[in-house]
Each structure stands twice: as structure tokens, then as C-alpha cells.
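In: Kindly return the folded structure for what I paste below:
(2 chains)
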There are 2 protein chains.
Amino acid sequence: MAAGDIVHNTSICFKRYLTNEQPTESDMEIFAGELTLSLAEGTRDVLVRNLYLSPDPYMRNRMREIYNSYLPPFEPGKPITGFGVSKVILSNHPDFEVNDVVAGIITWEKYSVIKDGSGLRNVSSIDVPLSYHIGILGLPGLTAYAGFFNICNPRKGENVFVSAAAGAVGQLVGQFAKLTGCYVVGSAGTDEKVELLKVELGYDDAFNYKKEPDLTVALKRYFPEGIDIYFENVGGKMLEAVLYNLSNHARIAVCGMISQYVSGCGEPIYNLSQLTIRRAKMQGFLMSDYLHLHEEFTQYILCHLKKNNIVYIEDVIDGLENAPNAFMRLFQGKNVGKQVVRL
Amino acid sequence: MAAGDIVHNTSICFKRYLTNEQPTESDMEIFAGELTLSLAEGTRDVLVRNLYLSPDPYMRNRMREIYNSYLPPFEPGKPITGFGVSKVILSNHPDFEVNDVVAGIITWEKYSVIKDGSGLRNVSSIDVPLSYHIGILGLPGLTAYAGFFNICNPRKGENVFVSAAAGAVGQLVGQFAKLTGCYVVGSAGTDEKVELLKVELGYDDAFNYKKEPDLTVALKRYFPEGIDIYFENVGGKMLEAVLYNLSNHARIAVCGMISQYVSGCGEPIYNLSQLTIRRAKMQGFLMSDYLHLHEEFTQYILCHLKKNNIVYIEDVIDGLENAPNAFMRLFQGKNVGKQVVRL
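Out: Down below sits the predicted model:
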């Protein structure tokens, strides 16, 4: 491929705003188009061919027409944007050369033009599978790292509970907890995931929340002395049950509440006055506030990967045209590990 | 009075456990008894005559038969216990002499025997009205101080909202906020209290929550740029409205949720995923975890009292036999300022 070539370019475009409904594949549209490989003169733009796309739960919030959130809504008719790993095809930017591998925010297309190369990181020299840059070394990795270490302040011997524990973030939090010397239990929604947690991911124990008639009782069984740290990914009834099982001075990192992404203001939560009784902290956070930890985080991950101290599970779907389905899987609890789309 | 004298002793005893109902005066019983003024030999006990009793909202939790909370339940048939200010009548303890004024946990009686003088502070040398030791210099004072300064980490210019702002704790938080250079708005349940907040207590603004059809809209009016700090005393709909009006990196100190003391697990709260969107912290706390701040706190209060920088409002009820009514007033929103019983 060279400048001036005309190539096929497929795009996954956002179709319409949602309110509180479950997202479906029909909320996105696939367009087959053409693109001339070129960059506007006088810019620092970069043209990339995308290799991996990252469907992430936070993107559901961008499907809502709400403008005062931390990210603007998607624009109907425009390609979905999200994290990805790509190869540089043309570059006007001094930091990127043709064939460099980059990670950053791209469009859900075969090719993306990145204005001024904005937000791209050159990851060519890092010797890991390329998809890791949207996973263990990307958003979910830094989210797990910042949330666990900076919000939860874990100490050796503490009792840690992780919901959605077999997901992109949860699988890492559990392993960070074990590396810190904590006792860690995870919950997930299928027996297959529970097995994965116990056998592959080193969780001390795990349970299928769908098979527990009373989550408060279930947590009491796993945490007779109470939960010191809860890494919150789901909200709803699980959070309520956790509130009744907190130990004193417990910390809850609110990474997300996937149950609430769909239902808007979400399921209501009872038992909040337990926060006072237990002198507990509940803190929301976004990875974007912890970019200053990126270097420290990357070293931590690479060091533990090299020592085989961390297992990283991906759920790979092939083909750009399957990206909408890959996204829906997040809200159906179908993904096992980090959901990835390989082009 | 001297050792060996027989005196009349009136006691307010706890009658029966409650679950989720509003407390009433009939949950307590008044007993007229007699007491021989004496102390067991070989002990460090102290016998005191009580001057002021402190009805506090947290005591509602002790009227519930729940044993895993931060304080044990009251015992039916035994006198209510709570903070008080007293005069020493007899002392076996080297730190306390006859006629010393002490503050600490006492029984709701005319006379209390304090085992080993446990928890008593000798406040004889502090030149303030004696009732201040159960208020601005006691539980509500240290609660306001620790919650505002240690949980909320206020910075000059920040926007602070306080609910139950004319109560024992709220009146102080608002003034601490002003002393820190914050903008502070309070809510209360009567126009009289709202007036007090604006005219006497130096709040920048205040509103009667019962007159607001939509609390989210009301808060938006007072905080167009969002709430940086919320000092939470009430729970329920007010908390939900606050969650929708948080600014980024907001902090919520959960001092109490008086709406939940009565209803048990409380009203459910929607909008909690705002914690993530706003990267906000919500932290429960108890004064008892901040006793190490007592000296620093006392100096802060005494210094500002001396300079007339702080106004302190009390709602005084006379007579031990009126203590049950004084307690109920807390849950009826009747007290203006700190509720106190003077014997």
C-alpha cells in the first residue's frame, strides 16, 4: 500500500441514541466504503490500519444523549470510536513511522486517520502480543491497577471480593490481590467462569452468583470476618449484599456498575447506612485520572508477565463486521476475559 | 451531700427493642428510686450528679437488637446511657475530686456511678458553658470537625452543601466551611431553621427542603457548578439529588442518614453510578475513630469561640423526666441546634 492507493474501508457506525434499553446489534450499522490513502499536507496526522478493536462497557454511556458526562456521546452516522491497536500506513507525525505499531483511540473502521496522531502511543518496541495493548497494558489494566492499588490501598492478609471477576478488569484485580498477599474471592455468572477463576486465575475461591438464592448469605460464607476490599463492577443486589458484609474501614472501588449502564439511574441500593456503621469508603474512579501512573503500571505488568506471575485471558472475535456482536456480548455476560475484536 | 446519704434518684430506662418504627416516649420508662451515696472499696469508681444529658441520633441504633454494630444495644430495664456533663460527688479515682466537672458516658439518671471513672474527662478548667462539653466540644463538635476536615479535605473556594444544617453537627460544619473560605448552602425542614442558617450561622444560602418539589432542581439552582463537598446527615431523596449535582472529584462525608435510622435498611438510593462518572468519594465515619484529634480539635474550637468566630445554638429542655421527649424531637425535626437536657 502506498499514498494515493484507493482501498476498501469498512466502518461500524453508530445509529441512534438509547435510553435505558439493552443495546443490540441494530444500534450500529456497517458501511462498506472506499478510502484514498492520503494525509492532508501541513498536518501531523497519522493514517493507520487497525489490527485490534476494544469493545468496553464504558462505551454504553456514549450511546446515551447526555452531554455533561465524562465523555461526549457518539454521533449518529459517524464511526464508533474506542481503544485499538493499529499499524501505521502513512505518517506526518515525527513520532510515528510507517509500520510502527501504535495504541490509542481509533475509529471502528479498517483504516483510521488520527488527527495530529493525538493520543497514540508507539508500542513497537514492547515485546507482548499486540492485543495486550488494549487489555492488560491498556484501559482494563490501568483501571485494575489504579483502582486496586490507589483506591483500595490493599494490605497483605486483607480479604478482597471482586465481582465480574472473569472480565477484562476483574481477572487482573484478583491477581493483583494475590500478588499483594490478600485472600481473594470472585463472582461470575457461569460455572465455566467460576472454574476459570479458581483454576487459571488463582482466585482463592469463586462462586456463580446466579446460583445463590441469597447473596448476603453467600458472601458471609466466603467472608466470615467481613470484606476489607470490594472491587465493584456490577452494582445492584451484589452491592447491597456487600454492604452488609463489610468489615470496619472497608474500601469499595466503584469501577463500574454494569447493571446501571443499561437501566439509567440503575437499580436502587439499600443498606447504604452501613457505610457509616463500618466507617467504609466507596469511591468511584476513572482510569483517565491515573495516566500519570502509566509508566509505573507498565513496568509492574511487564515484570510480572516476564516472570509468568500473571495470566491474561482474552475472548477474541474475528472480523470488523462482528464488532457490534462483540460489544453486545459484554452486556450479555458472554465474554470470558477481555473481549477483543481482531481484524 | 456526703457519703452514706440516701438520696432520691430518678432513672430513664430503656423499655423494649424497636425494629423500623419511629421511636416514641413509651419506649422509655421513668423510675423514681433511691440511692445510697457510696462507692465500693478497692475500686476507682466515681459517683457523679448529672447536669446535662445529650440525646443524640446515633442512640436510635442502640434501640435495635443488633449485636454486630459499632455499639451494643441498650438493655431493656436498664437506664439509657449517653454523653453527659456531671459534677463529681464521690471519687475513688486519682484524676477526679469532689466538685470537679466531668464529661463522658453517663446513665440517664440523676446520679451515675462510673466504673473506674472510665471515659470521663475532667473539664473543670475549661471556661465555657458546661453544656458545650456535650455539644460543640463533644460528640457533635468532633464529628463535624473530623468529618469536614479529615473526610472532605476542603479547599478554599469549594462549594459545600450540608443537610440537617441547623442540627447539632450541621450548624458547625457550615461554620467550619466558612472559616475555610468555602461557599456553603444548608438545607433544613422549617423556615425558622432556614432563617437561622442565613442570619445567625453565616451560611451563604439555605432552603427548606420540604418546600422544594424537586430537590435535584433545587440543588442545581444553588450549585450551578456542582457540589464539591456534601456533608450527609439525612440520606434518602436528598442524597439522590446530591449525586446528580456532584462536581468531579467530589467528596461525601456520611455522618449519618437519619432517614435510615428509623426505616432500618432505609430508603433505597438511585444514581449511585454517578460516583464513577464524577470520580466521587463517599465515606462513612464515626467520631470514635478520631479521638486522636481531640486536642487539636479542642484548641480549634476554643480559639474560634474566644474570637467570636463561631456561633453555637442549643435547644435546651429542662428536667430529666423530659429526656424521652427531647430524644423524640430529634426524629421529628423539632430541635433547633443541639438538643440538650438540663437537669
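In: Please work out how many residues are found near the closest residue to A:E65 other than its chain neighbours.
Out: Nearest non-adjacent residue to A:E65, counting by CB to CB, 6 or more residues apart in numbering or on different chains: A:Y17, 4.2 Å away. Glycine gets a C-beta too; all of them are placed from N, C-alpha and C. Close neighbours of A:Y17, defined as other CB atoms under 10 Å in any protein chain shown, add up to 14.
In: Spell out which parts of the stretch 51-200 of chain A neighbour chain B.
Out: Within the stretch 51-200 of chain A, the positions near chain B by CB under 8 Å from any CB of the partner chain are A:61, A:69-70.
In: Generate a PyMOL selection restricted to the buried entries among these.
Out: To isolate the buried members of those in PyMOL, using 16 or more other CB atoms under 10 Å in any protein chain shown:
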select buried, chain A and resi 61
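In: got the contact list for A:L71?
Out: A:58, A:61-62 (CB atoms under 8 Å, 6 or more residues apart in numbering or on different chains).
In: count of residues packed around A:A32?
Out: A:A32 has 10 nearby residues by other CB under 10 Å.
In: Point to the residue nearest the middle of chain A.
Out: Nearest to the mean C-alpha position of chain A, by CA atoms, centre = their mean, lies A:P140 at 4.0 Å.
In: State which helix of chain A is the longest.
Out: Scanning chain A for the longest helix, with DSSP state H as the assignment, gives helix A:294-306.
In: I'd like the next helix or strand past it.
Out: Using DSSP states H and E, the helix or strand that follows helix A:294-306 towards the C-terminus is strand A:314-318.
In: Quick check: which helices or strands does the helix or strand following that next one pack against?
Out: As assigned by DSSP H and E, the chain's next helix or strand after strand A:314-318 is helix A:323-331. For helix A:323-331, the packing partners by 3 or more CB pairs under 8 Å, 6 or more residues apart in numbering or on different chains; DSSP states H and E come out as strand A:28-36, helix A:258-263, strand A:314-318, strand A:338-342.
In: Name the residues of the third one that are buried.
Out: Burial within strand A:314-318, assessed by neighbour count using 16+ other CB under 10 Å, is assigned to A:314-315, A:317.
In: Need the CA coordinates for the longest helix of chain A. CSV is fine.
Out: C-alpha atoms of helix A:294-306 as CSV (Å, rounded to 0.1, in the frame of the first residue of the first chain):
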residue,chain,number,x,y,z
HIS,A,294,1.2,4.7,33.2
GLU,A,295,4.9,4.1,33.4
GLU,A,296,4.9,2.5,36.8
PHE,A,297,1.9,0.4,35.8
THR,A,298,3.6,-0.8,32.6
GLN,A,299,6.7,-1.8,34.4
TYR,A,300,4.7,-3.7,37.0
ILE,A,301,2.8,-5.6,34.4
LEU,A,302,5.8,-6.4,32.1
CYS,A,303,7.8,-7.5,35.1
HIS,A,304,5.1,-9.9,36.3
LEU,A,305,4.3,-11.1,32.7
LYS,A,306,8.0,-12.0,32.2
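In: Just the mean pLDDT for that helix, thanks.
Out: Across helix A:294-306, pLDDT averages out at 97.
In: Would you indicate which residues of that helix are buried?
Out: Those would be A:294, A:297-298, A:300-302, A:305, for helix A:294-306 by 16+ other CB under 10 Å.
In: cool, and stretch A:170-189?
Out: A:170-178, A:180, A:182-189.
In: least trustworthy helix or strand in chain A by mean pLDDT?
Out: The least trusted helix or strand in chain A, going by mean pLDDT, DSSP states H and E, turns out to be helix A:258-263, with a mean of 63.
In: Let me know whether A:F231 touches A:V162 as I believe.
Out: Yes - counting by CB atoms under 8 Å, A:F231 touches A:V162, with 4.5 Å between them.
In: tell me, what's touching those two both at once?
Out: A:170, A:173.
In: before we move on, back to that, need the contact partners of the longest helix of chain A.
Out: Residues contacting helix A:294-306 (CB under 8 Å, 6+ apart): A:126, A:128, A:136-137, A:141-142, A:145-146, A:179, A:290, A:310, A:312.
In: one more time with 7 Å, if that's ok
Out: Applying CB atoms under 7 Å, 6 or more residues apart in numbering or on different chains, the external contacts of helix A:294-306 come out as A:128, A:136-137, A:141-142, A:145, A:179, A:310.
In: ok, now stretch A:168-184?
Out: For stretch A:168-184, the external contacting residues (CB under 7 Å, 6+ apart) are A:135-136, A:140-141, A:143-145, A:148, A:154, A:156-160, A:162, A:164-165, A:186, A:197, A:201-204, A:231, A:233, A:255, A:304, A:309-311, A:313, A:337-339.
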